[in-house]
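Visitor: Test case, fold it:
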Amino acid sequence: MDYIEFRRQLGKAGLTTGEFAELVKMSSNAVTNCSKKGVVPSHLAIIATLMAVMADNKLDFRAVFNEIEIEPKKPRGGASKGKFGGSKQIVLPME
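Guide: Numbering: from 1, shown residues only. Alright, predicted model coming up:
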């Protein structure tokens, strides 16, 4: 699914990309980074489409998400603690 269609599906569900990211326990940057590629991973496309269909049928998808324990995605690469740009950093002596 292309990013424009993804955003359209989120709009049908009444969500912003930030709200979607919060529901699926992702960082909003991870979701909006898909706009650079122009394509959304299939698992996110399926979730957004199902949310839109549920909203069209007056079903509360938020209640479903509240019942599911979703572990937040772990940061990768440069965002990891103790790393800069994906490289492990050495501890410098402070005297």
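Visitor: residues contacting F61?
Guide: By CB atoms under 8 Å, 6 or more residues apart in numbering, the contact set of F61 is A13, L50, M51, M54, A55. All C-beta spots, glycine's among them, are computed from the backbone N, C-alpha and C.
Visitor: tell me the helices in this protein, going along the chain?
Guide: Remark: helices assigned in the chain by DSSP state H are 3-13, 17-23, 28-32, 34-37, 42-56, 61-67.
Visitor: Need the residues that contact the shortest one.
Guide: It stands for helix 34-37. Contacts for helix 34-37 (CB under 8 Å, 6+ apart): Y3, F6, V40, P41, L44.
Visitor: same check, this time on the fifth one
Guide: Outside helix 42-56, the residues that touch it by CB under 8 Å, 6+ apart are 1, 5-6, 9-10, 12-15, 20, 24, 31, 34, 40, 60-61, 64.
Visitor: Could I have the buried ones of the contacts of F61 as ChimeraX selection syntax?
Guide: ChimeraX command restricting the contacts of F61 to the buried ones, with burial defined by 16 or more other CB atoms under 10 Å:
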select :13,51,54,55
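Visitor: Now tabulate the contacts of F61 in CSV and tack on pLDDT and distance to K73.
Guide: Putting the contacts of F61 into CSV (pLDDT from 0 to 100; distance: CB to CB, whole Å) gives the following:
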residue, pLDDT, distance to K73
A13, 96, 20
L50, 96, 19
M51, 96, 18
M54, 95, 23
A55, 95, 24
